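Visitor: Fold the stuff below for me.
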Amino acid sequence: MYRKKPTPKKRQDPNRFWRLNNWKMWAWLITGIIVFFPLFRFVRKQLQLNKDQRTELDKDKSFTENQNPIVAQKKADEITTRTDIQAAAKSLAHNLGTKYSDANNWYDWLDPRGWTENDKAVADTLIYQRKNFKKLEQLYYSIYTNSRSLKDDVLKLLDEAELKRVRKYLSI
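Guide: Predicted coordinates:
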């Protein structure tokens with residue numbers, strides 16, 4: 001019987017995959033780059049979008065909870081039990097008109113109470129409560145508006161004369 005002679009195996013080069021003439025390696029590398037980077041950007045953008053949506057949902061949930069006066073009073077008591085500071089924060093939200101423009105409805109712009117501000121009353125309240133400004137900010141942000149900054153609203157909505165008067169007493 002005829003028997004075939006065993007042929008010696010050629011020695012494989014361990015760096016064969018990374019040679020320049022290996023077209024399969026380059027095809028996989030280019031395909032990986034083309035697929036990986038857009039996929040990475042997409043996933044990163046989706047994660048940021050999910051975070052933003054979660055923040056918006058938390059704001060809406062908090063705003064809805066604060067519509068109940070008992071819950072709002074309980075949250076306000078956790079921040080401070082002084083009723084004069086709570087009343088001042090509530091009056092700031094009312095006098096700046098932000099209380100009415102944050103109701104999360106499409107027709108909020110129709111409420112005329114959100115169109116105008118009572119600048120003199122806002123300035124008087126801020127000057128009178130200047131030592132309690134941090135508490136006012138907390139109450140304004142977390143309870144009486146839909147997560148709005150008191151400093152930003154004062155700077156944006158207050159007239160120049162009243163703002164100048166407030167800046168004499170507060171560093172805004």
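
Visitor: In terms of helices and strands, where is Ala121?
Guide: helix 119-128 (DSSP states H and E).

Visitor: Packing partners of that helix?
Guide: In terms of contacts (3 or more C-beta pairs under 8 Å, 6 or more residues apart in numbering; DSSP states H and E), helix 119-128 is packed against helix 83-96, helix 150-157, helix 160-169. The C-beta positions use only the backbone N, C-alpha and C, and glycine is treated the same way.

Visitor: Flag the shaky bits of this structure, pLDDT-wise.
Guide: 1-2, 10-21, 101-105 (pLDDT under 70).

Visitor: Mind naming the longest helix for it?
Guide: Looking across the chain with DSSP state H, the single longest helix is helix 23-66.

Visitor: What is the subsequent helix or strand relative to it?
Guide: That would be, after helix 23-66 and using DSSP H and E, helix 69-79.

Visitor: helices or strands up against that following helix?
Guide: Helix 69-79 sits against helix 23-66, helix 133-139, with contacts defined as 3+ C-beta pairs under 8 Å, 6+ apart.

Visitor: Flag every buried residue along the last one.
Guide: Buried positions in helix 133-139, judged by neighbour count with 16 or more other C-beta atoms under 10 Å: 133, 135-136, 138-139.

Visitor: got the contact list for it?
Guide: 76, 79-80, 82, 85-86, 88-90, 92, 126, 129, 149-151, 170 (C-beta atoms under 8 Å, 6 or more residues apart in numbering).

Visitor: can you list the domains in the chain?
Guide: 22-64, 68-169 (automatic domain parsing).
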